[in-house]
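Novice: Fold the following.
(chains A and B)
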Number of protein chains: 2
Amino acid sequence: MLSLLSLRARIEAGHLTPASALALVREAIAAREPEVGALVSLDPAPVVPGAGPLAGIAFGVKDVIDTADLPTQMGSSIYAGWRPKADAPAVARLRALGGVALAKTTTTAFAFMDPTETRNPNAPGRTPGGSSAGSAAAVAAGMLPLALGTQTGGSVIRPAAFCGAVGVKPSFRLLPTVGMKCFSWTLDTLGLFAASVADAAHALALLADRPEIERAGDRAPRIGLLVPNFCAEPEEEGLGALLRTARSVEAAGAVLHPLALPPLYAQAFGLHGTLQDFEGIRSLAWEYDHRRDALPPLLRAQLDAAGAIPAEAYDAARHVVRTARRDFRAVLGAAGVDVVLTLPAPGAAPQGYASTGDSRFNRLWTLLGVPCVTVPVPGDGPPLGVQVIAPFGEDARALAAAGFVERALAR
Amino acid sequence: MLSLLSLRARIEAGHLTPASALALVREAIAAREPEVGALVSLDPAPVVPGAGPLAGIAFGVKDVIDTADLPTQMGSSIYAGWRPKADAPAVARLRALGGVALAKTTTTAFAFMDPTETRNPNAPGRTPGGSSAGSAAAVAAGMLPLALGTQTGGSVIRPAAFCGAVGVKPSFRLLPTVGMKCFSWTLDTLGLFAASVADAAHALALLADRPEIERAGDRAPRIGLLVPNFCAEPEEEGLGALLRTARSVEAAGAVLHPLALPPLYAQAFGLHGTLQDFEGIRSLAWEYDHRRDALPPLLRAQLDAAGAIPAEAYDAARHVVRTARRDFRAVLGAAGVDVVLTLPAPGAAPQGYASTGDSRFNRLWTLLGVPCVTVPVPGDGPPLGVQVIAPFGEDARALAAAGFVERALAR
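Specialist: This next block holds a predicted model:
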């Protein structure tokens, strides 16, 4: 993979210019893109700023995020050729830092579950996951050092695990969702993909303008090991990667406690769809009312059903979720742990391209708005990963613990 | 003014068709628009649905809210002629109910404070207020029975009072802000203007798909009378209207208690700008980075200053506001009141067109996310009003109490 920090170090040392760093990226894209299909469009001649903390860093933008200089097509024929007026704030911010918005990356239609044409660069014959398929695949394939994605169910953390990249879903609204096509206004979260935890932490700290995000200490974290009991069990290889990681972090000096969540969290987990779909049918009202036939089958069926969710069910779900959000920090505190270590997906990417995989190990955390990080777990087969989770607002803690896990796995 | 419920009653009784109701609106626009200047664009030949609970109801849409069939220009030359792809969900919903999106209404640039060209239809020589100037003026002038607006500071409640219309700012996120140009994602609230409280309650109940919003009882509310002590005092005529209203509602059987808010609310009030501006410079990053010279002076100066707000100040403000939001219901409960009765603005609309007036009696309530209703107070001079406020989520209660106030004032 292309490391953002390594590219920046070579630029600062004078071994690369921002323009030659871009040329490296273009070479990688020329080599890998024909087989991966992660990109929707590519800026043929972007302005490459000569200065700034991200000068020379090309980044990808999931195609549900507005860009002024490239089309934004939402993974849907309804938006074929669509050109927004303005960059989304996250894109504007990366550009202001010197980054180059080089490519739009594939997305499932409106970031729902109908698969894209993108192939998993590190697991032939398997889905890259979704909905941020192109951003995950492009980074994992070494085509881009940084890419933006979004998560409403498990659309950053899961494809990162399937493709073998680091994925970060920050705390809810740490990054503005302005200029993103909305599916669910209480769940949609902007996230990112990078080659390492340090790369991701650096990018997030710059993007959020919060240097402390990458300044957390190296202290061994107290880790709650969670095998979720609120949904169907993980697959054997997924569980194996988690337990292998647990042994590695213990050997590196972390204290592990088995963690079980109170029943409230099983209840909240079951309500994710109520929130997502009640809001989704409203967010996509124009598309549903005027272009229903152009919606792909999974999304269309979901929206068909969503109209029947009563406001009372939505309000009741909001209430449960609010309580679960409020209490999560105390749940970890009572267990004496700083972060949760759990699965980012049931197992490796499923075979074939008919599905983007299952988000059941992601939805609760999106619902809670807590920071989550996918850390790849080295191995011989298709990519596997683990997920590190911290309380709301503790993005620095989540990234520091993820860095600890990454180092423990590399020893 | 044109009453939505009265138009609908005449349509249901067969005295009007939806098309002839539209013709009435067009006549009113032809008569008043040249002097008021509330409209940015007008659909010359809209589809007029023959059925639906809002069939025959023409509505206006503030020009920061996306429409597929009319330009959306944000009150700014930067967006001259801009055509979004889709209707905002609120527009799509009103259209699905049979309503006709007849006109876009003037807005200050990006819904900030630089005045529009719109004139106050009921107070010659005075501002209509802002930022939802056109929606307030169009309804108050009897040109439209319904119009959508937005409030981040005081942009619905204040112009409603200045122009003499009913304005409703519902609970935060009761209506989705999807498809609205974002200024502040924690403050921006979609609201509406109508000719009477009953009209507004009916429209909001339909728009939110929550019939209970207009089904609250007629019981005399327990009212907390609040003269804000957390900012500069009201003007004499504004205070006079409030006290006159207090006497009327007491005479109609309501119990009034003087209300004072704990110091936390003065503190929260002082933090509105921190939240609004920290988010505003991010939301408008593309416009600021690429088209700063095209921004109007008040907005440009505000954004120039906003870049200096540190993330720590924002986070600290969020914390105070979260506490203030959480406690507000209990504050009213402890005072033994159902709703607050207070001023919607310091006084009548200021003379001239150099300012949209002062939002100091609105900002706290926007910050708290609580439902607010402007009720006009009959009188001889320029329009005056009062504001009725209920706890978060109690939109039905706010509207029922506002209806009580409206009836008491009409006696």
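Novice: For the closest residue to residue A:299 other than its chain neighbours, give me its contacts.
Specialist: Nearest residue to residue A:299, sequence neighbours excluded (CB to CB, 6 or more residues apart in numbering or on different chains): residue A:112, at 4.3 Å. For every residue, glycine as well, the C-beta is placed using N, CA and C. Shown in contact with residue A:112 (CB atoms under 8 Å, 6 or more residues apart in numbering or on different chains): A:131, A:183, A:280, A:296, A:298-299, A:302.
Novice: Please apply the same query to residue A:207.
Specialist: Contacts of residue A:207 by CB under 8 Å, 6+ apart are A:90, A:93-94, A:175, A:192.
Novice: gap between the residue most central in space within chain A and chain B?
Specialist: For chain A, the residue nearest the mean C-alpha position is residue A:156 (2.0 Å; CA atoms, centre = their mean). Using CB to the nearest CB, to the nearest Å, one obtains 20 Å as the distance from residue A:156 to chain B.
Novice: just so I have it, where are all the helices in the stretch 251-400 of chain A?
Specialist: According to DSSP state H, counting those that start in this stretch, the stretch 251-400 of chain A carries its helices in the segments A:263-269, A:272-283, A:285-291, A:297-306, A:311-335, A:363-368, A:395-410.
Novice: what's the second one packed up against?
Specialist: Yep, that's helix A:272-283 we're talking about. helix A:297-306, helix A:311-335, helix A:363-368, helix B:89-96 (3 or more CB pairs under 8 Å, 6 or more residues apart in numbering or on different chains; DSSP states H and E).
Novice: Dump these into JSON lines; add distance to residue A:377 and mean neighbour count as well.
Specialist: Shown next, in JSON lines, are the helices and strands packed on helix A:272-283 (distance: least, CB to CB, whole Å; neighbours: other CB atoms under 10 Å in any protein chain shown):
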{"stretch": "helix A:297-306", "distance to residue A:377": "29", "mean neighbour count": "16"}
{"stretch": "helix A:311-335", "distance to residue A:377": "23", "mean neighbour count": "16"}
{"stretch": "helix A:363-368", "distance to residue A:377": "18", "mean neighbour count": "25"}
{"stretch": "helix B:89-96", "distance to residue A:377": "41", "mean neighbour count": "24"}
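Novice: wait, which of the ones you listed is closest to residue A:391?
Specialist: helix A:311-335 (4.1 Å; CB to CB).
Novice: so can I have TSV of the helices and strands packed on helix A:272-283 showing mean pLDDT?
Specialist: Below are these laid out as TSV (pLDDT from 0 to 100):
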stretch	mean pLDDT
helix A:297-306	98
helix A:311-335	97
helix A:363-368	98
helix B:89-96	98
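Novice: and residue A:401, which of those helices is closest to it?
Specialist: In terms of CB to CB, the element of these nearest to residue A:401 is helix A:311-335, at 11.7 Å.
Novice: relative orientation of that closest one and helix B:311-335 in degrees?
Specialist: Angle, helix A:311-335 to helix B:311-335, by axes from the mean of the first three to the mean of the last three CA atoms, to 10 degrees: 120 degrees.
Novice: Outside of helix A:311-335 itself, which residues are in contact with it?
Specialist: Identification of contacts with helix A:311-335 by CB under 8 Å, 6+ apart yields A:186, A:224, A:257, A:259, A:261-262, A:264-265, A:267-268, A:271, A:274-275, A:278, A:338-340, A:367-370, A:391-392, B:208-210.
Novice: cool, stretch A:67-81 as well?
Specialist: So stretch A:67-81 is in contact with A:40-41, A:43, A:46, A:61, A:63-66, A:82-88, A:91, A:101, A:103-104, A:106-111, A:116, A:131, A:181, A:287, A:291, A:294-296, B:85, B:286, B:290, going by CB under 8 Å, 6+ apart.
Novice: Can I get the buried part of those as one PyMOL selection?
Specialist: This is how PyMOL selects the buried members of those, with burial counted by 16 or more other CB atoms under 10 Å in any protein chain shown:
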select buried, (chain A and resi 40+41+46+61+63+64+65+66+82+84+85+86+87+88+91+101+103+104+106+107+108+109+110+111+116+131+181+287+295+296) or (chain B and resi 85+286)
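Novice: From the contacts of stretch A:67-81, which land in strands?
Specialist: Counting by DSSP state E, these place A:40-41, A:61, A:101, A:103-104 in strands.
Novice: can you tell me which two in the residues you listed are farthest apart?
Specialist: Spatially, the most separated pair among the ones in strands among the contacts of stretch A:67-81 is A:40 and A:101, at 12.6 Å (CB to CB).
Novice: List the contacts of residue A:3.
Specialist: So residue A:3 contacts A:145, A:194-196, A:199 (CB under 8 Å, 6+ apart).
Novice: and which of those residues is nearest residue A:252?
Specialist: residue A:196 (16.7 Å).
Novice: where does that closest one fall, phi/psi-wise?
Specialist: For residue A:196, the backbone dihedrals (degrees, to the nearest 10) come out as phi -150, psi 170.
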